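Novice: Show me the folded form of this:
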Amino acid sequence: MAKYSDDWDAVSGLGRTALATAAGRAIETTRTNGLVNDPFAKQFVVEAKSPTPMPTELADPVDRTSEFDRRWDIISMAVGVRTRFFDQHLLEASRTGCEQAVILAAGLDTRAYRLELPPGTKLFEVDKPGVHEFKQRVLNGLRANPLCDRRTVSCDLRDDWIEPLAAAGFEPGRPTCWLIEGLTAYLTGDEETRLFKSLHDVSTSGSYLGFDHPADPDELRRDTYQANSQYGFDLAALLVTDSAKDPVGYLRSIGWEVATTGPAKDATLYCGRHNPYGSRDLAHKWLFSRAVLRG
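Specialist: Sure thing, here's the model as predicted:
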């Protein structure tokens, strides 16, 4: 994983990526044609008191003469598109019989609170202790109750995370829906392979995996560099530009069936909303893959 201090949580260091994602979901929630409805996202941003301003809503229509508003409009649309993909992935996998789901590097994810999953579904959120602590404090303040059996797992994904996941009640013999959202761009090829190998070793037939990955790592880094001021730290420096990475090829080599698409080819992710940014749309910098393990 790209170098950064280990001393971070949901409101500092690399954790600000989770906060920026929450801001994007909050913005989309306020829109009349929003791509996401997350009633909890705004409070994460409010409680974090980030030294770098992060909005929870934008004017309608957006003032595109303002660099700040324009950039956050691009960010929120990308967050909304990505969130819709993973929401659909989890709901569809649940309908096929996946009774447990695992979100790796869960950040400030609220799917356990806003998606109606089948009764008895266990949803595991894996992230660092500081992220869970901040998130739980905000949710407690909102008196929010999960809609499924939500379980948090505190660990660093660079360490052994399978053992603490199992200790939390994960059952390798049951089909699992895996979500890896906004993570692979920060992993080296070896780290990415180890992550996929670990989850593969505890996955059984009927399991699903959803993940996003850069369409062009170099282009994504250039675009992210331009947006660094919105995050308050050098996010672009944390991105791994390893052209040799081939997550789809690796997963296929170990038995997963993988289908990959991108927002430019799946207009349904925009809910019919006009995209005024064309190729500058941040969502277009990413590919979304959905894999299933059979046999």
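Novice: State whether residue 101 is indeed within a helix.
Specialist: No. Counting by DSSP: H, G, I helix; E, B strand; the rest coil, residue 101 falls outside a helix, being strand.
Novice: Excluding residues flanking it in the chain, which one is nearest it?
Specialist: Residue nearest to residue 101 in three dimensions, not counting chain neighbours: residue 177, with 4.2 Å by C-beta to C-beta, 6 or more residues apart in numbering. C-beta: built from backbone N, CA, C; applies to glycine.
Novice: Who are the packing partners of the helix or strand where that neighbour lies?
Specialist: Assigned by DSSP states H and E, residue 177 belongs to strand 176-180. Packing partners of strand 176-180 (3 or more C-beta pairs under 8 Å, 6 or more residues apart in numbering; DSSP states H and E): helix 67-95, strand 100-104, strand 208-214.
Novice: my read: residue 187 touches residue 238, true?
Specialist: No. In this structure, residue 187 is not within contact of residue 238 by C-beta atoms under 8 Å, at 10.5 Å.
Novice: Looking at the two, which is more packed in?
Specialist: Legend: neighbour count by other C-beta atoms under 10 Å for residue 187 and residue 238, higher for residue 187 (24 against 18).
Novice: tell me the pLDDT at that one?
Specialist: Among the per-residue scores, residue 187 holds a pLDDT of 91.
Novice: what's the spacing between it and residue 221?
Specialist: From residue 187 over to residue 221 the distance is 14 Å, taken as C-beta to C-beta, to the nearest Å.
Novice: And for residue 48?
Specialist: 25 Å.
Novice: When these two are compared, which one has more neighbours?
Specialist: residue 48 (22 against 19).
Novice: In the stretch 151-295 of the chain, what residue spans correspond to helices?
Specialist: 162-167, 189-201, 217-226, 228-231, 247-253 (DSSP state H, counting those that start in this stretch).
Novice: Now for the closest residue to residue 62 other than its chain neighbours, how many residues are close by?
Specialist: Leaving aside its chain neighbours, residue 62 sits nearest to residue 73 (4.6 Å; criterion: C-beta to C-beta, 6+ apart). Here the number of neighbours of residue 73 (other C-beta under 10 Å) works out to 23.
Novice: What of residue 267?
Specialist: 11.
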